[in-house]
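**Student:** Please find the sequence and the predicted model below.
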Amino acid sequence: MAPDLSTTFTGIRFRNPFLLSSAPPTESESNILRAFEAGWGGVVTKTIGLHPVVNVLGPKTKFLRADADSAHLSMKKRPGAALHSSWNWELISDKTLEWWVPRLGRIKKAFPDHVLVASIMAGSGNDTELRHWQHLAAACQEQGCDALEINLSCPHMDRPDMGSNVGKDKELVSIVTKVVKEVAKIPVWAKLTPSTTDIVLEARGAFLGGADAISSSNTFTSLPLIDADTLDFEVQVDGLVSTGGLGGPAILPLSLAKMSQLTQAFPDKSFSGIGGISTFEHALNYFLLGCGTVQICTAAMLDHAIGPNVIRQLNAGLARFLEKHADKGWAGVAGFVGLRRDRVVAQSKIRRPTEKDYRGGYDAEGYAAAEEVGVKR
Ligand SMILES: Cc1cc2nc3c(=O)[nH]c(=O)nc-3n(C[C@H](O)[C@H](O)[C@H](O)COP(=O)(O)O)c2cc1C
């Protein structure tokens, strides 16, 4: 018998713990319908807001690739290069709430057993802006959405009261969460920014405001590289660039470090892990650190826009993993969530070699032997 991949997260039943995160793969009705047909357990819609959105001229996302036989990194397409990361400066959905509302209803009717999470964003500078959050939340839940994800994490917003600028302020995080919770009849997940010193503080703010889960990470604030021939940024308009967000393989270890901080600080809370996932082995890291679901963007963008092969491999990987560990009696993902949470400790808790065995850094990987660099011992 095939293993049961289903799980329950924030009270919602998922046929599998894999979601498309809020991004281009979930920007339209047709994409979301295709995603459900392909087997994704859930999707988080591209973030919906009330303010007008106009994106920059030209590409909004590009992919940085690394050569296998040199240290060369570039966004230029070339054979044999491996994906390093995605870089984007795309704003939230440029479609209005009125555009989204009937589509959310139709998607939910077509796939009642798949999980539809509406990502929403408004400002937080005054009461009118805070009411916008409530307006967005009410409109999406009326259409049957299963949960709300509040975007406190978009890294490229100029407004100081929006996106990651809210996510960097624990009081604002708490206020916005509470305001949304006042009208929400469905679970509220807070998507936090990794661009902060101690993400535990903002997470505490979200939980104090009543958040049912934390999603992390959004993309990491970053710049595209400068091309040494043209002296232009690899992404630019009229020679100008602004900071954008890094996603994909490069952020997997970074995002895991944030997640480890979060799950250790709040071992009884729910977390949805995001950042750099393209295989089950990547996702497993998040589960073992304490996440109940995971979300994927970059890998899906590069796989027919919605990741049909990615989700097939994630589901197959989870099934194989459960079969391999059948003797442990794990009832799906919940059986192994958090199993390695407590293995991350302070550096001082890591065993040292005895004085006799200690040879400094000389023999460690990455250090040249003294003779090679002409150092006299
Ligand atoms: C082009 C692009 C657009 C995105 N738009 C949104 C968005 O509207 N709302 C949001 O919460 N996250 C957005 N994200 C962030 C992703 O949902 C995700 O958190 C991030 O890309 C890390 O996951 P990954 O490493 O799998 O790409 C966007 C990411 C990309 C690449």
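**Tutor:** Arrived safely, thanks for sending.
**Student:** what about the closest residue to the ligand within the stretch 51-200 of the chain, neighbour count?
**Tutor:** Closest contact between the stretch 51-200 of the chain and the ligand, by C-beta to the nearest ligand atom, is at Asn88 (3.6 Å). C-beta coordinates here come from the backbone N, C-alpha and C atoms, glycine included. Residues lying near Asn88 (other C-beta atoms under 10 Å) number 24.
**Student:** quick one: it and Val56 touch, right?
**Tutor:** No. Counting by C-beta atoms under 8 Å, Asn88 sits too far from Val56 to count as a contact (10.4 Å).
**Student:** Run through who's touching the host helix or strand of Thr8.
**Tutor:** Thr8 is part of strand 7-9, with elements assigned from DSSP states H and E. With contact meaning C-beta atoms under 8 Å, 6 or more residues apart in numbering, strand 7-9 is reached by 13-14, 16-17, 213, 270, 272, 292-293, 332-334.
**Student:** Which of the residues you listed scores worst on pLDDT?
**Tutor:** The pLDDT minimum for these sits at Gly332, where the score is 93.
**Student:** re earlier: distance from the chain centre to the strand holding Thr8, please.
**Tutor:** 18 Å (C-alpha atoms, centre = their mean, to the nearest Å).
**Student:** What's the first helix or strand after it?
**Tutor:** strand 12-14.
**Student:** And that next one, what's buried?
**Tutor:** In terms of neighbour count (16 or more other C-beta atoms under 10 Å), strand 12-14 has its buried residues at 12, 14.
**Student:** That one pairs with which strands?
**Tutor:** Paired neighbours of strand 12-14 in the sheet (DSSP bridges): strand 7-9 (antiparallel).
**Student:** quick one: average confidence on the strand it pairs with?
**Tutor:** Rounded mean pLDDT across strand 7-9 is 98.
**Student:** what's stretch 256-268 in contact with?
**Tutor:** So stretch 256-268 is in contact with 194, 198-200, 203-204, 207, 214, 216-217, 271, 273, 275, 285-286, 289-291, 338, 341-342, 344, going by C-beta under 8 Å, 6+ apart.
**Student:** Of those residues, which are in range of the ligand?
**Tutor:** Gly275 (C-beta under 6 Å from any ligand atom).
**Student:** got the residues of the stretch 101-250 of the chain near the ligand?
**Tutor:** Checking the stretch 101-250 of the chain against the ligand by C-beta under 6 Å from any ligand atom, the hits are 119, 151, 153-154, 191, 218-219, 247-248.
**Student:** Can you give me every residue that contacts the nearest residue in space to Lys178 that is not next to it in sequence?
**Tutor:** Leaving aside its chain neighbours, Lys178 sits nearest to Gly209 (4.0 Å; criterion: C-beta to C-beta, 6 or more residues apart in numbering). Taking C-beta under 8 Å, 6+ apart, we find Gly209 in contact with 173-178, 181, 190.
**Student:** And for Lys185?
**Tutor:** Gln141.
**Student:** now it, what's its secondary structure?
**Tutor:** Using DSSP: H, G, I helix; E, B strand; the rest coil, the structure places Lys185 in coil.
**Student:** From Gln141, how far off is it?
**Tutor:** Distance, Lys185 to Gln141, by C-beta to C-beta, to the nearest Å: 6 Å.
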